[in-house]
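Asker: below are the sequence and a predicted model; questions follow.
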Amino acid sequence: MNYIAFDDAQIRNQLKPFTFTKPVAGIRCGILTIGQKWEKTLETTISYLTENYLQEKFTHISTNDNIYINGSVCPNSSILRLIHHLKDGEKLINQGIVLAIRTSQTLTFPIDYTSFNTVELLDVQSTIAQNLLGPQPTIIQNLPDIYLKNGDQIKADFPLITKGRQSQTITDPFTRIYAPENVFVEAGASIKAVIINAENGPVYIGKNATIQEGAIIIGPFSADEGSIVAWGAKMRANTTLGPFCRAGGEVGNSILSAYSNKAHDGFLGNSVIGEWCNLGANTNNSNLKNDYSDVKLYSYVTNRLEKSGELFCGLFMGDYTKAGISTMFNTGTVAGVCSNIFGAGFQDKHIPSFKWGGVDSGYALYRFDKAMQVINETMKRRDKQLSGTDLQILQYIHDTESSIW
């Protein structure tokens, strides 16, 4: 079978700014991205069906027997079995969301679901043996879902990554570990004078990661390959550092996606930070309103603030965006792609893509050539550079988003 992670158009818009630069399945929740979860579960590579401007980077490969899987759905064994019972021309639906489609056709974005026969997840028990049913699927539909479901997804990814493998031994005599059976350390990791408490969830330390002296880590927690937890840092539960991220200060129930830095003191809570972002020293975000009311978030669907339904809700920052020292982010702030934010006072609740400035001095359009220069200088420090395809994607975002504001 050929597996393709497809973007549902509605969910894709709900998950901006992260889906400006990637398909929905490219979002990291837990240790892995959703796409990586499916590849490890299926033991094969997958392709992607997304918007045209992303399709060159995230290719779409179709054959005469395709299973299109909704890129917002995290895999579990029950869903996998149900998907494989689909017949050609059928779609699997749960509470109005199309989870998967089996077809010999090559589909295009956005998918027209109407031509496929419906199999309701809740009705499957009438056609498939009862033992095929299991837990309800985990679906990342809205921005808060990413951090709300991160802890459970760390727990789900942990055995997926570590099954049948042996953890490296932590030999440092000044490191204290609670529930060591729930800690897995990859080769090359450095851990010195650290407290790790994995009693309430696993702790995964990736290849060549560094946990510096005096850090405190509470599971569920993940620090992927090459990541650094700074000395004296406090990593609360349900936190993920993607590949080559750096985190200091206090971080809780948050995700740094990849190549992003929060290296200094400051608080980050109930937040999701994209790739190649930087939070300057003493950057803080609010994750709770002082009147304990429902946090409102900017919606790219309605272009206005909408109730999130959450009491705790922090910062959502798109790829390549940076914040200067001592930047203060309001409860429920949404910042777009490739903006440079600085200055005193709480920043606006919504900062569009390619903005330069802050609430005190005002915002200007971030010139595309200048923005690309900064990105390339940032990536050069990690021996990386923007590809021509990446430039085309960012040019598209710049042209379409800057024309809106």
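Answerer: Sure, I can see it.
Asker: list the contacts for Asn261?
Answerer: 245-247, 277-279 (CB atoms under 8 Å, 6 or more residues apart in numbering). For every residue, glycine as well, the C-beta is placed using N, CA and C.
Asker: am I right that Glu39 sits in a helix?
Answerer: Yes - assessed with DSSP: H, G, I helix; E, B strand; the rest coil, Glu39 lies in a helix.
Asker: next step: the contacts of Asn261 restricted to strands.
Answerer: 246-247, 278-279 (DSSP state E).
Asker: got those residues as JSON lines, with pLDDT, neighbour count and distance to Phe342 columns?
Answerer: Listed next are the ones in strands among the contacts of Asn261 as JSON lines, based on pLDDT from 0 to 100; neighbours: other CB atoms under 10 Å; distance: CB to CB, whole Å:
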{"residue": "Arg246", "pLDDT": "98", "neighbour count": "22", "distance to Phe342": "20"}
{"residue": "Ala247", "pLDDT": "98", "neighbour count": "28", "distance to Phe342": "21"}
{"residue": "Asn278", "pLDDT": "98", "neighbour count": "21", "distance to Phe342": "11"}
{"residue": "Leu279", "pLDDT": "98", "neighbour count": "32", "distance to Phe342": "11"}
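Asker: determine which two of the residues you listed are furthest apart.
Answerer: Maximum pairwise distance among these (CB to CB): 11.9 Å, between Ala247 and Asn278.
Asker: check which residues of the one helix or strand in the chain whose mean pLDDT sits lowest are buried.
Answerer: Using mean pLDDT, DSSP states H and E, helix 77-84 stands out as the lowest-scoring helix or strand of the chain, at a mean of 90. Under the neighbour-count criterion of 16 or more other CB atoms under 10 Å, helix 77-84 has 78-79, 81-83 buried.
Asker: just stretch 166-176 next, same as before
Answerer: So stretch 166-176, judged by 16+ other CB under 10 Å, has buried residues 167, 170, 175.
Asker: what's the overlap in contacts for Ala247 and Asn278?
Answerer: Shared contacts of Ala247 and Asn278, counting by CB under 8 Å, 6+ apart, come down to 261-262.
Asker: for Phe18, which non-adjacent residue is closest in space?
Answerer: Ile27 (5.5 Å; CB to CB, 6 or more residues apart in numbering).
Asker: separation between the one you found and Gly318?
Answerer: 12 Å (CB to CB, to the nearest Å).
Asker: residue boundaries of the strands in the stretch 301-405 of the chain?
Answerer: 304-307, 315-317, 322-323, 328-329, 333-335, 340-341, 350-351, 355-358, 362-365 (DSSP state E, counting those that start in this stretch).
Asker: go through those strands and pick out the most buried.
Answerer: strand 315-317 (a mean of 29; mean count of other CB atoms under 10 Å).
Asker: returning to that earlier point: TSV for the strands of the stretch 301-405 of the chain, including distance to Thr239?
Answerer: TSV is the format used below for the strands of the stretch 301-405 of the chain (distance: least, CB to CB, whole Å):
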stretch	distance to Thr239
strand 304-307	26
strand 315-317	14
strand 322-323	19
strand 328-329	17
strand 333-335	19
strand 340-341	23
strand 350-351	24
strand 355-358	27
strand 362-365	30
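Asker: helices or strands up against the strand ranked longest in the chain?
Answerer: Longest strand in the chain by number of residues (criterion: DSSP E): strand 97-103. In this structure, strand 97-103 packs against strand 66-70, helix 77-84, strand 90-94, with contacts taken as 3 or more CB pairs under 8 Å, 6 or more residues apart in numbering; DSSP states H and E.
Asker: to Tyr363, which of the ones you listed lies closest?
Answerer: strand 66-70 (35.6 Å).
Asker: ok and that closest one relative to strand 90-94, angle-wise?
Answerer: 20 degrees (axes from the mean of the first three to the mean of the last three CA atoms, to 10 degrees).
Asker: how far is strand 66-70 from where the chain is centred?
Answerer: 21 Å (CA atoms, centre = their mean, to the nearest Å).
Asker: strand partners (parallel or antiparallel) of that strand?
Answerer: With DSSP bridges as the test, strand 66-70 is paired with strand 2-6 (parallel), strand 97-103 (antiparallel).
Asker: of those strands, which approaches Arg381 most closely?
Answerer: Nearest of the strands paired with strand 66-70 (CB to CB): strand 2-6, 31.2 Å.
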